[in-house]
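Engineer: predicted model, plus sequence, below.
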Amino acid sequence: MSHLNLFVNKKEKTVSLRNDKIAAQIRECFSFALIRGDFPLLPNHEEESKLPCPITLTHVNLSKDLRNATIFFMPLGGTKKIESLRFFELQTHHFKELMAKKMKLKFIPNIIFKFDNSFDYSDRISKLLMKTPEKQ
């Protein structure tokens, strides 16, 4: 985490700490929206407007100027990734409205949704580490 780096000047440390707090608030806001499930059904996209499966929001990356937020997510079980991404893309406007109501920011950041591949990567690494080397 950026706020643990002791060799950063004080101004950068303050900015990154603020970004971390706002990123946590954004993640909390989205998590509550996913738990409640109060998403509008969009015309011509009724089926895609529904949450396809349970979702885990892993983390939020904010740009330094707080204009862009990248939200990383993973569907539980690792299935229905494309359907989940489509759902988030369709509901982006709704999420931005929720953020505007819940958070007091000068600008509501642009939202970008991405898959979090860190789980797949960590599984691959653990499988590689579990392989025992052949005895010679």
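Structural biologist: Looks like it came in fine.
Engineer: report the distance from the longest helix along the chain to the chain centre.
Structural biologist: In the chain, assigned by DSSP state H, the helix with the most residues is helix 10-36. The chain centroid and the centroid of helix 10-36 are separated by 11 Å under CA atoms, centre = their mean, to the nearest Å.
Engineer: can you check stretch 54-69 too?
Structural biologist: For stretch 54-69, the distance to the chain centre is 5 Å (CA atoms, centre = their mean).
Engineer: could you tell me the end-to-end distance of that stretch?
Structural biologist: 21 Å (CA to CA, to the nearest Å).
Engineer: pretty sure His45 contacts Glu89?
Structural biologist: No: between His45 and Glu89 there is no contact under CB atoms under 8 Å: 10.2 Å. The C-beta positions use only the backbone N, C-alpha and C, and glycine is treated the same way.
Engineer: what segments of the chain are strands?
Structural biologist: Using DSSP state E, the strands of the chain run over 55-62, 68-75, 110-115.
Engineer: most tightly packed of those strands?
Structural biologist: Mean neighbour count (mean count of other CB atoms under 10 Å) peaks for strand 68-75 among these, with a mean of 19.
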